[in-house]
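Colleague: Have a look at this prediction, sequence included:
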Amino acid sequence: MAANTQYEVATWNQIYDMLLDLANKIQGDGYKPDVIIGIARGGLVPARILSDVLETPELAIIQIEYYVSIAQTRQEPILKRSLHTQITDKKALLVDDVSDTGKSLQLAKNHLQQQGAKEIKTATLYAKPQTITKPDYCEKQTSHWIVFPWDAKETVRKIIQKQEGKRATSKEIAKLVKAGLPKQLAEKFLKDMQ
């Protein structure tokens, strides 16, 4: 983890508002997916909410493994769980939380094409400036490490694992709290991990 890692902490309310805005963009384009596919793990919650808001009950997942720590990836993403839903001749909405490098999104999209999807659109909450795969629908661009409500404890755990010494850990956790993670939550996570 780079010492200069900057964090952006997203709240549940912010996420829900972003998903409502994404749904409006998708509907405004006249795109009506037959199936919504979430990329596990980060895209699961957004995919489920979009399934509800867009009134698209068919929901599926694929799992891609790419990150090994905060801002650290494997060389290439790995498809860990392929799609187990029939999507031949269906319009698909592929959902993830962020398009960072864009490699996971591209691997997932290629997989859906191989599975016979008629049309594939992509949606993410965030995109990083360096992404090679620009989502069709995206709400916000940032270069910061995003901490989602569904991975806050994982982020704290990875900070602890990567830091050398209590002072360095405390400094990094303080940056996280300053970015918006509730102090009480950070303290609870730290206590749970001792």
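Modeller: Structure received. Residues are numbered from 1 along each chain as shown.
Colleague: where exactly do the helices run in this structure?
Modeller: Assigned by DSSP state H, the helices in the chain fall at 12-28, 44-53, 103-114, 152-162, 166-178, 183-192.
Colleague: I'd like to know which of those lies nearest to residue 6.
Modeller: helix 166-178 (7.6 Å; C-beta to C-beta). Glycine gets a C-beta too; all of them are placed from N, C-alpha and C.
Colleague: CA atoms only for that closest one, dumped as CSV, please.
Modeller: The C-alpha trace of helix 166-178 is given here as CSV (Å, rounded to 0.1, in the frame of the first residue of the first chain):
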residue,chain,number,x,y,z
LYS,A,166,1.4,0.5,15.6
ARG,A,167,2.2,4.1,14.7
ALA,A,168,2.0,3.5,11.0
THR,A,169,-1.3,1.7,11.4
SER,A,170,-2.7,4.4,13.6
LYS,A,171,-1.8,7.1,11.1
GLU,A,172,-3.4,5.2,8.2
ILE,A,173,-6.6,4.5,10.2
ALA,A,174,-6.7,8.2,11.1
LYS,A,175,-6.7,9.0,7.4
LEU,A,176,-9.5,6.6,6.9
VAL,A,177,-11.6,8.2,9.7
LYS,A,178,-10.8,11.7,8.3
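Colleague: Please give the centre-to-centre distance between it and its chain.
Modeller: Distance of helix 166-178 from its chain centroid, counting by C-alpha atoms, centre = their mean, to the nearest Å, is 23 Å.
Colleague: pLDDT (mean, whole number) over that helix?
Modeller: Averaging pLDDT along helix 166-178 gives 90.
Colleague: Which positions within it qualify as buried?
Modeller: For helix 166-178, the buried set under the neighbour-count rule, 16 or more other C-beta atoms under 10 Å, comprises 169, 172, 173, 176, 177.
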